[in-house]
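1. Here's a sequence, model it:
(one chain, ligands or ions: 2)
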Amino acid sequence: MKQVDVALGERSYPIHVGAGTLQDASIWRPAIRGRHVLVLSNTVVAPLYLERVLTGLRGLTHASLILEDGEQHKTFDNVSRVLGVLADLGASRDATLIALGGGVIGDLGGFAAACWMRGIDFVQMPTTLLAMVDSSVGGKTGVNLPTGKNLVGAFHQPRAVIIDTTTLASLPNREYLAGLAEVIKYGAIGDANFLDWLQQHADALLARDEVALDEAIAFSCRYKAGVVARDEREQGERALLNFGHTFGHAIETEAGYGQVLHGEAVATGMLLAARLSANLGLAPATDAEQLAALLNQFGLPTRLPAGLDARRLFERMTLDKKSLSGKLRLILWRGAGQAELASGVEDSAILALLQEAVAAAS
Ligand code: NAD
Ligand code: GLY
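-> Numbering: from 1, shown residues only. Ligands and ions are numbered 1, 2, ... in the order given. Alright, predicted model coming up:
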C-alpha cells in the first residue's frame, strides 16, 4: 500500500494506492465526518464494486444512485438527480458523497458535492486507470453542455482518493491503454527518467503486473499532487498537464465523440506537440521519435484517424479553454521531461504540421 498526500493546507488529503483498499474500510472511513453518505456510481461499475463500499458504510445513513454509463450522461440533469437524492436522504452540511467509477462519475459527483449546501465532502474511488492517475486528483469537477465538454464546473477538492488497483482487472484493454497515455504524459512533461522506466517496464505494465502498476500510479499521483499543491487554480504550471490536449481535443471532436478515446487522442496529440516543437527548433527531433516509439510500445495511436481535415482541426484547436482573447496557447516541448506554455506560435507552423499529419494518415 502506498500513500501520496496532496498538500493544500487545511484541505490537504491522502491518496491511498493498493490492492483491496475499497474492501478495507478502515482506510477510508476516517474521511467521512458526518452520518449521511451518498454513493454515486454507474450501471457498469456498481454491479462489480458497489457492495464492497456499502459493506464499509454500516452504521451510517446511506443511499446509492446508479447512473447510466457514458460521457453523454455527464449532464446537469444528472447533477439535479444527485441533489434530489441528497435532499431525500436529509443530507446535512457534514454529509459525504462517494464517487465510485471513472472520470465521468468522479467529475459529476464532485460537482454535485460542490453544489449541495455550497459544498459538502466527497471521496473519490476511481475505477479506471485514467481516473486513478488524473481525474480523481486535483479537484477539477464539472459537467458537459451541448456546446462543449466540461464547460461548467468548480474546483472542489476531495477529502480522500481511494485507489483499489484490483478494480482494473475488469477494465477493457482499450480503456486501460488510454489511461497509460496520461501516465506517459507525466514523464514527457516532467521526468525523463520516468520515461526510461516506462520503456523498461512496458511488458509488465501491459500485463497489468501489480508491482509495476502500483509504481506507475503512485508516480503519476505524486507528480500531479505536486503540481496541484503549487498551482491549484491553474494560474501557471498546472496548464502543463494539458500537454497534447489541445491537439487531442480537436482530434476527439473531429473524429466524433466515442470514436477515439480521450487518452488515445492525447497520445497522438502529445506526438504532434513534440513534432511541432522540433519543427520550431525547441527540441531535438530524435526526442519526438523516441516518444513515438514509446507510444507504439504501449499500443497507443501515433497517427491521426484517416479522413480528418487539417483546417477544421486547426479551427477546433482555437476553441481550446487555454486560449485567451482568441489567441491559441499551446504546451510545447523542450525534449524529454520538459514542457512549457507558449503563445505566439505562427498559425502557418501548426497548419503545416497538421497537413503533414493528415497526409500521413490517409
Ligand atoms: P469513464 O468514466 O466513462 O469510464 C470509461 C468506461 O469504463 C466506462 O464505460 C465505465 O463505466 C467503465 N469502467 C469504469 N471502471 C471500470 C472497471 N473497473 N471495470 C470495467 N469498466 C469500468 O471515462 P474515464 O476515461 O474514466 O474518464 C473520462 C472523463 O474524465 C471525461 O469526462 C473527462 O472529461 C474527465 N477528466 C477529468 C479530469 C479532471 O481533472 N477532473 C481529467 C481528465 C479527464
Ligand atoms: N487534467 C488536468 C488537470 O487536472 O489540471
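2. From residue 349, how far out is residue 281?
-> The gap separating residue 281 from residue 349 is 11 Å, by Cβ to Cβ, to the nearest Å. Where C-beta positions appear, they are placed from N, C-alpha and C, glycine not excepted.
3. Who has more neighbours out of these two?
-> When residue 281 and residue 349 are compared for neighbours, residue 349 comes out ahead with 12 against 8, by other Cβ atoms under 10 Å.
4. Output the contacting helices and strands for the helix or strand hosting the more buried one.
-> Using DSSP states H and E, residue 349 sits within helix 347-361. Under the contact criterion of 3 or more Cβ pairs under 8 Å, 6 or more residues apart in numbering; DSSP states H and E, helix 347-361 touches helix 262-279, helix 310-317.
5. lowest-confidence stretch among those?
-> For the helices and strands packed on helix 347-361, the weakest mean pLDDT is recorded on helix 310-317, namely a mean of 94.
6. so it versus helix 347-361, what angle?
-> With axes from the mean of the first three to the mean of the last three Cα atoms, to 10 degrees applied, the angle from helix 310-317 to helix 347-361 works out at 120 degrees.
7. Just the CA atoms of helix 310-317, as CSV, please.
-> The C-alpha trace of helix 310-317 is given here as CSV (Å, rounded to 0.1, in the frame of the first residue of the first chain):
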residue,chain,number,x,y,z
ALA,A,310,-6.3,19.9,-41.3
ARG,A,311,-8.1,23.3,-41.4
ARG,A,312,-11.0,22.0,-39.4
LEU,A,313,-8.6,20.5,-36.8
PHE,A,314,-6.9,23.9,-36.5
GLU,A,315,-10.2,25.7,-36.1
ARG,A,316,-11.2,23.3,-33.3
MET,A,317,-7.8,24.0,-31.6
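8. gap between that helix and the chain center?
-> Put simply, helix 310-317 sits 23 Å off its chain's centre (Cα atoms, centre = their mean, to the nearest Å).
9. Give me the helices and strands touching that helix, please.
-> helix 245-255, helix 347-361.
10. which one of the ones you listed has the most crowded surroundings?
-> Among the helices and strands packed on helix 310-317, ranked by average contacts under mean count of other Cβ atoms under 10 Å, first place goes to helix 245-255 (a mean of 23).
11. Only C-alpha atoms, please: export that one in PDB.
-> This file holds the C-alpha atoms of helix 245-255, laid out as PDB (Å, rounded to 0.1, in the frame of the first residue of the first chain):
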ATOM      1  CA  HIS A 245      -4.600  18.000 -25.100                       C
ATOM      2  CA  THR A 246      -5.200  21.000 -27.500                       C
ATOM      3  CA  PHE A 247      -4.400  18.700 -30.400                       C
ATOM      4  CA  GLY A 248      -6.100  15.800 -28.600                       C
ATOM      5  CA  HIS A 249      -9.400  17.600 -28.000                       C
ATOM      6  CA  ALA A 250      -9.500  18.700 -31.700                       C
ATOM      7  CA  ILE A 251      -8.900  15.100 -32.800                       C
ATOM      8  CA  GLU A 252     -11.600  13.700 -30.400                       C
ATOM      9  CA  THR A 253     -14.200  16.200 -31.600                       C
ATOM     10  CA  GLU A 254     -13.400  16.000 -35.300                       C
ATOM     11  CA  ALA A 255     -13.300  12.200 -35.200                       C
END
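12. how about that helix, does it reach ligand 1?
-> No - Helix 245-255 does not reach ligand 1 (Cβ under 6 Å from any ligand atom); its nearest approach is 8.9 Å.
13. Could I get the average pLDDT for that helix?
-> For helix 245-255, mean pLDDT is 93.
14. Please name every helix or strand in contact with it.
-> Contact partners of helix 245-255 among helices and strands, from 3+ Cβ pairs under 8 Å, 6+ apart: helix 262-279, helix 310-317, strand 329-333.
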